[in-house]
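A.B. asks: structure of the sequence below:
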Amino acid sequence: MSEEIWDQGLQSERTRLAWVRTAVALSTAGLGAAGLALRAGLPPVAVVGFALGALCGGVLLVRTGTRFRRVQEALHGGRPLDHGLDAVFAWFGTLSLVAGACTFVLTVR
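C.D. replies: Numbering: from 1, shown residues only. Okay, here's the model as predicted:
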């Protein structure tokens with residue numbers, strides 16, 4: 001009896017939904033905060049930080065379908081998974097939103 005790493009459960013689908021939630025959160029938070037920063041007249045650094053976060057979220061959202069297919073192929077083929085580039089986009093987007101939020105907090109009193 002051979003042991004496979006593939007499980008018939010919905011783990012891949014749940015992971016895909018988690019990436020989609022992350023991408024949508026980055027995009028909507030970035031766009032909303034960028035609009036708020038523009039209306040409040042904050043320095044361009046804050047607006048750029050929020051816009052970069054929204055852009056990273058958009059890139060993650062676009063890559064979701066491709067990533068899901070790669071994960072499925074890797075699982076069925078017994079190959080290791082690689083989320084390196086996607087993790088960098090999620091990290092950079094989050095860092096950009098934090099930088100914009102810090103600028104917002106330090107500027108508005």
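A.B. asks: may I see the buried residues of the lowest-mean-pLDDT helix or strand in the chain?
C.D. replies: Sorting the helices and strands of the chain by mean pLDDT, DSSP states H and E puts helix 44-77 at the bottom, at a mean of 86. Neighbour counts over helix 44-77 (16 or more other C-beta atoms under 10 Å) mark 46-61, 63-64, 67-68, 71, 75 as buried. Every C-beta, even on glycine, is put in place using the N, C-alpha and C of the backbone.
A.B. asks: and for stretch 90-108?
C.D. replies: Applying 16+ other C-beta under 10 Å to stretch 90-108 flags 90, 92-94, 96-97, 99-101, 103-104 as buried.
A.B. asks: so which other helices or strands are in contact with the helix or strand where residue 36 lies?
C.D. replies: Counting by DSSP states H and E, the element that carries residue 36 is helix 11-40. Judged by 3 or more C-beta pairs under 8 Å, 6 or more residues apart in numbering; DSSP states H and E, the packing partners of helix 11-40 are helix 44-77, helix 84-107.
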